[in-house]
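Asks: Okay, predicted coordinates and the sequence, questions at the end:
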Amino acid sequence: MAIDYRARVLKGATTLLDEKRPGWECEIDVDKLDVGVGACCVTALSGEDDWYLGMEELDLTHGNGGSYVAHGFDAENPDASMYEGVECDAAIDAQQSVYATLNALWREMITERLQAGGTGERA
């Protein structure tokens with residue numbers, strides 16, 4: 001089963017950030033954004049300067065089955081069940097690929113919103 005990362009990012013933006021942090025997209029430096037780096041992820045750059053504090057502020061849970069992953073803020077860890085039977089290095093490579101996908105999707109969404117005036121609307 002393929003994971004719809006675009007849907008995860010949309011869920012994180014519309015069901016959490018728009019509701020709990022209106023205008024969040026104006027706080028994100030898309031050049032600095034990196035979902036795989038705690039100090040540079042969406043929840044850190046949108047106000048808390050720390051991914052974990054941002055996650056707590058949004059009432060998210062961490063871990064492979066957690067809402068932090070389900071809302072597009074992180075990728076599953078290489079020890080997730082989806083990587084069962086996959087060599088460790090291959091699982092790490094797959095996780096890095098997911099980070100690249102999530103980064104691109106978040107950047108696209110933020111850029112569209114900023115072009116639309118930072119209103120939470122898509123351009």
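Replies: In hand now; what should we look at? Numbering: from 1, shown residues only.

Asks: Is the residue nearest the centre of the chain part of a helix or strand, or is it coil?
Replies: Nearest to the mean C-alpha position of the chain, by Cα atoms, centre = their mean, lies residue 73 at 2.3 Å. State at residue 73, reduced to three classes by DSSP: H, G, I helix; E, B strand; the rest coil: coil.

Asks: Next, find the distance separating the residue of the chain most remote from its centre from residue 91.
Replies: What lies farthest from the middle of the chain is residue 85; by Cα atoms, centre = their mean that is 25.9 Å. Per Cβ to Cβ, to the nearest Å, residue 85 is found 10 Å from residue 91. Backbone N, C-alpha and C define where each C-beta goes, glycine included.

Asks: One more: residue 57?
Replies: According to Cβ to Cβ, residue 57 and residue 91 sit 30 Å apart.

Asks: Could you check which of these two has the larger neighbour count?
Replies: The neighbour comparison of residue 57 against residue 91 (other Cβ atoms under 10 Å) goes to residue 91, with 19 against 16.

Asks: Pull the contacting residues for that one.
Replies: 78, 79, 83 (Cβ atoms under 8 Å, 6 or more residues apart in numbering).

Asks: Mind checking which of the residues you listed are in strands?
Replies: Among the contacts of residue 91, the subset assigned to strands under DSSP state E is empty.

Asks: so which of those comes closest to residue 40?
Replies: Checking the contacts of residue 91 against residue 40 with Cβ to Cβ, the nearest one is residue 78 at 20.1 Å.

Asks: okay, now that closest one: neighbour count?
Replies: With other Cβ under 10 Å as criterion, residue 78 counts 19.

Asks: thought it was touching residue 93?
Replies: No: applying Cβ atoms under 8 Å, one finds residue 78 not in contact with residue 93, separated by 9.0 Å.

Asks: buried set for stretch 4-20?
Replies: Buried positions in stretch 4-20, judged by neighbour count with 16 or more other Cβ atoms under 10 Å: 5, 8, 9, 10, 11, 12, 13, 16, 17, 18.
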